[in-house]
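Enquirer: Give me the fold of what follows.
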Amino acid sequence: MLGRASLVVLAFVLLPATVQAFDHEHHHHHDDGGSGCSSSSSTTSPGGGTSTASPPPSTSPSPTPSSASKHVFVTSLEYSGALGSVTAADADCQQLADGRGLSGVFRAWISDGTTNAFDRMADGPWYTTKGALAFGAKGDLRGAPQADLLDETGAFPIGAVWSGSDSAGAFAGDDCGGWTKATADATAMTGTGLRSDTAWGGGHAHGRCDGKASLVCFQQ
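Expert: Sure thing, here's the model as predicted:
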């Protein structure tokens, strides 16, 4: 029979092993998903998976015209009715466009006895020199602009525009004698270039050809 001293020594030897085994078992239960023992900050989604907080969705900027967008402008210069011809009016548009660094070919919105302004235009869309959409497509030229037409510098023009056209862009019957006369007895149809005005490009009023008006120029 073991003495009391021997039993004390034996207990002292076996106790650390018992504590170590209990501690291992305790941690094992924690790792298996025991309650209150997880240190992770993630949350469990309704489907059972783990999800983390995501940043708010970014907002996209409003669409803007690209550098390749077509432009339309009213000339900052005014001319008498003696423009010379339809092609001479085109040259006036091109000169001002080139001077402002607007690339491409520009034509004047103008009619004569053999040419309709509408038929001279390619397709759009066209933007003002400040980047506002004016006409979404060629067919829209027979309606009102969505924005006021500005001049080549981006300023708001003052006064009428020569067109020789009706509101549909067809020859209106008077064109300052084929755009060769600057006299009080000759007239030509004018427009306004204003937003929400169906007479923006013609059908507004008959202007005397000894007066002065601007041109509306479209990039092709």
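Enquirer: Which helix or strand contains residue 87?
Expert: Here residue 87 sits within helix 86-99, counting by DSSP states H and E.
Enquirer: Could I get the buried residue list for that helix?
Expert: Neighbour-count burial for helix 86-99, with 16 or more other CB atoms under 10 Å as criterion, is recorded at 86, 89, 90, 92, 93, 94, 96, 97. All C-beta spots, glycine's among them, are computed from the backbone N, C-alpha and C.
Enquirer: now those as CSV including distance to residue 164 and pLDDT?
Expert: Formatted as CSV, those follow (distance: CB to CB, whole Å; pLDDT from 0 to 100):
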residue, distance to residue 164, pLDDT
86, 9, 98
89, 10, 98
90, 14, 98
92, 15, 98
93, 15, 98
94, 19, 98
96, 20, 98
97, 21, 98
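Enquirer: tell me which of those is nearest to residue 105?
Expert: residue 94 (7.2 Å; CB to CB).
Enquirer: re earlier: ok, the buried residues of helix 86-99 vs residue 144, which is closest?
Expert: residue 93 (21.5 Å).
Enquirer: what's the closest of the buried residues of helix 86-99 to residue 70?
Expert: Closest to residue 70, out of all of the buried residues of helix 86-99 and judged by CB to CB, is residue 97, at 11.2 Å.
Enquirer: For the closest one, which non-adjacent residue is spatially closest?
Expert: residue 106 (4.6 Å; CB to CB, 6 or more residues apart in numbering).
Enquirer: same thing with residue 197?
Expert: Of all residues not flanking residue 197 in the chain, residue 144 sits nearest, at 5.5 Å (CB to CB, 6+ apart).
Enquirer: Surely the one you found and residue 192 touch.
Expert: No - Residue 144 lies out of contact with residue 192 (CB atoms under 8 Å); the separation is 10.0 Å.
Enquirer: Those two: which is more packed in?
Expert: Here residue 144 and residue 192 are compared on neighbour count by other CB atoms under 10 Å; more neighbours surround residue 192, at 24 against 16.
Enquirer: picking up where we left off before, is there a neighbour count for the residue nearest to residue 97? I'd like the number.
Expert: Number of residues near residue 106 (other CB under 10 Å) recorded here: 25.
Enquirer: In contact with residue 148, which residues?
Expert: 128, 156, 193, 194, 195 (CB atoms under 8 Å, 6 or more residues apart in numbering).
Enquirer: ok, and the most crowded of these?
Expert: residue 193 leads these on contacts (other CB under 10 Å) with 29 neighbours.
Enquirer: Nearest residue to it in space, please, no chain neighbours.
Expert: Nearest non-adjacent residue to residue 193 (CB to CB, 6+ apart): residue 149, at 4.0 Å.
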